[in-house]
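Chemist: 3D model of this:
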Amino acid sequence: MKIAIIGQQDFGKAVLEAFLARGDEVAAVFCAPEKEGARPDPLRLAAEGAGVRTFQFASLKTGEARDAMATLAVDIGVMAYVLQFAPQDFVSIPKHGTIQYHPSLLPLYRGPSSINWPIIRGDTKTGITIFRPTDGLDEGPVILQKETPISPDDTLGTVYFDRLFPLGVQAMLEAADLVVAGRHTEVVQDESIASYEGWCRAAESRINWSNHVDFVYDLIRGCNPAPGAWTTQGGRKIQIFDARKHVFRTFGAVKGKVGEVSGIGPESFRVTCQGGQIEVFKGKGEDTKKISGAELAAALGLTVGTALGT
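Modeler: Got it, this is the predicted structure:
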C-alpha cells in the first residue's frame with residue numbers, strides 16, 4: 001500500500017521502519033519542526049536516510065499542509081505519536097482516511113500522559129488503541145485494541161518499552177491492512193465510561209509521604225523514568241526512580257515517622273509512609289546524576305530520622 005506517516009520521535013521512526021521493511025511505499029512523512037536547541041527528531045532522520053520525502057509544517061491546519069497531503073495520493077494516513085492537531089480536512093484526504101495510535105484502552109485515559117495514569121491509579125491492565133482521529137481529543141471510533149497486564153511492580157518504562165511500543169507498531173500495520181482491505185469495523189466509544197487525564201508533570205508527580213504506601217509506590221513506578229516522582233529535603237529536590245514497597249499489616253509495626261528516612265543500607269535507603277516503607281534503590285539529587293539509593297543518601301547527607309518533604 002501507499003501511505004503517509006504523521007508522527008515524531010522513536011515511535012514514529014519504528015512505525016516508518018516497519019512499513020518499509022515489509023515493502024510498503026511510504027510517500028512522505030509529516031513531523032513537527034524541532035524546537036530550537038532540541039535534538040533532531042529520530043523520525044525525520046530515519047525518513048531522510050531512507051530517501052522518504054519529509055514535511056515539517058508548524059501547523060497541519062494550513063492550506064499548505066492540505067495541499068502537500070493531497071498531492072501524494074496515498075491509500076491511508078498513519079498517525080504515530082502526534083502532538084500536533086490534525087483537522088478533519090487534512091486526515092480525510094487519503095483514499096481510506098487516516099488511523100491513529102493511542103497508548104490506552106480508549107475511551108479510558110484520553111489525553112497526553114495515558115501511559116502514566118493507569119499505573120499511578122493502580123490499574124491491573126492497559127493497552128493500545130488504533131482509532132479514527134476526529135476533532136475531539138482521542139474520541140474517534142475504535143478500529144483495533146490490544147490489552148496487556150500491568151504487574152504490581154511494572155513501571156512506565158517496562159509497560160511502554162517492553163509492551164505498548166512493540167504492540168503499537170504491529171497494531172498499526174494490522175489496522176492499516178484491515179482498513180485498506182475494507183475488512184475493518186469501527187466501534188463508537190462509550191462516552192459513559194470515558195475518562196480524560198492531563199499531563200503528568202512536576203505538579204502531579206510530587207510525593208505525599210502521608211499517603212498509604214501503595215499509593216506512593218504506584219506514583220513512583222508510574223513516573224519512572226519520566227517525569228520522575230520527587231520529594232524535597234531542606235528545599236532541595238530529590239527524584240526517586242527504582243524502588244520497592246514494604247507493607248506492614250500489623251498496627252505499630254512501621255518504624256519511624258511518616259516522611260522520615262527510617263533506614264540506610266549498602267544499596268538503598270528507606271522512607272516511612274502510611275502502612276509501610278518505600279525502599280529507594282535509584283534516585284537523583286539536584287547536583288547528582290542517577291545513582292544508587294545508598295550513594296544518594298551519602299551525597300545528600302541523609303541519616304536515619306531525616307525528614308523528607310521539607
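
Chemist: a helix runs through residue 172, doesn't it?
Modeler: Yes. Under DSSP: H, G, I helix; E, B strand; the rest coil, residue 172 falls within a helix.

Chemist: looking at it, it is touching residue 77, isn't it?
Modeler: No. Using CB atoms under 8 Å, residue 172 makes no contact with residue 77, being 11.3 Å away. Where C-beta positions appear, they are placed from N, C-alpha and C, glycine not excepted.

Chemist: quick one: contacts for the residue sitting nearest the centre point of the chain?
Modeler: Geometric centre of the chain, nearest residue: residue 115, 4.4 Å, by CA atoms, centre = their mean. Contacts for residue 115 (CB atoms under 8 Å, 6 or more residues apart in numbering) come out as 103, 104, 126, 156, 159, 160, 164.

Chemist: quick one, phi/psi of residue 150?
Modeler: With angles defined as degrees, to the nearest 10, residue 150 sits at phi -110, psi 110.

Chemist: which SS class is the residue of the chain most remote from its centre?
Modeler: Residue distances from the centre of the chain (CA atoms, centre = their mean) peak at residue 252, which lies 38.2 Å from the mean C-alpha position. Following three-state DSSP, residue 252 is assigned to coil.

Chemist: pLDDT value on it, please?
Modeler: Here, the pLDDT recorded for residue 252 equals 74.

Chemist: From residue 36, how far out is it?
Modeler: Here residue 252 is placed at a distance of 56 Å from residue 36 (CB to CB, to the nearest Å).

Chemist: Which secondary structure state is assigned to residue 270?
Modeler: Per three-state DSSP, residue 270 ends up strand.

Chemist: From residue 60, how far out is residue 83?
Modeler: Looking at residue 83 against residue 60, where the rule is CB to CB, the gap reads 11 Å.

Chemist: Quick check: closest non-adjacent residue to residue 265.
Modeler: Excluding its sequence neighbours, the residue lying closest to residue 265 (CB to CB, 6 or more residues apart in numbering) is residue 294, at 6.4 Å.

Chemist: Wait, a strand at the one you found?
Modeler: No. Assigned with three-state DSSP, residue 294 falls outside any strand and is helix.

Chemist: how deep is it tucked in, by neighbour count?
Modeler: 17 (other CB atoms under 10 Å).

Chemist: Would you agree it is in contact with residue 263?
Modeler: No. The criterion here is CB under 8 Å, and residue 294 misses it with residue 263 at 10.8 Å.

Chemist: quick one: common contacting residues for the two?
Modeler: residue 269.

Chemist: Next up, the contacts around residue 127.
Modeler: 104, 105, 145, 146, 147, 148, 164, 167.

Chemist: Narrow the residues you listed to just the buried residues.
Modeler: Neighbour-count burial (16 or more other CB atoms under 10 Å) is assigned, among the contacts of residue 127, to 104, 105, 145, 146, 148, 164, 167.

Chemist: JSON lines for those, including pLDDT?
Modeler: Shown next, in JSON lines, are the buried ones among the contacts of residue 127 (pLDDT from 0 to 100):
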{"residue": "104", "pLDDT": "98"}
{"residue": "105", "pLDDT": "98"}
{"residue": "145", "pLDDT": "98"}
{"residue": "146", "pLDDT": "98"}
{"residue": "148", "pLDDT": "98"}
{"residue": "164", "pLDDT": "98"}
{"residue": "167", "pLDDT": "98"}
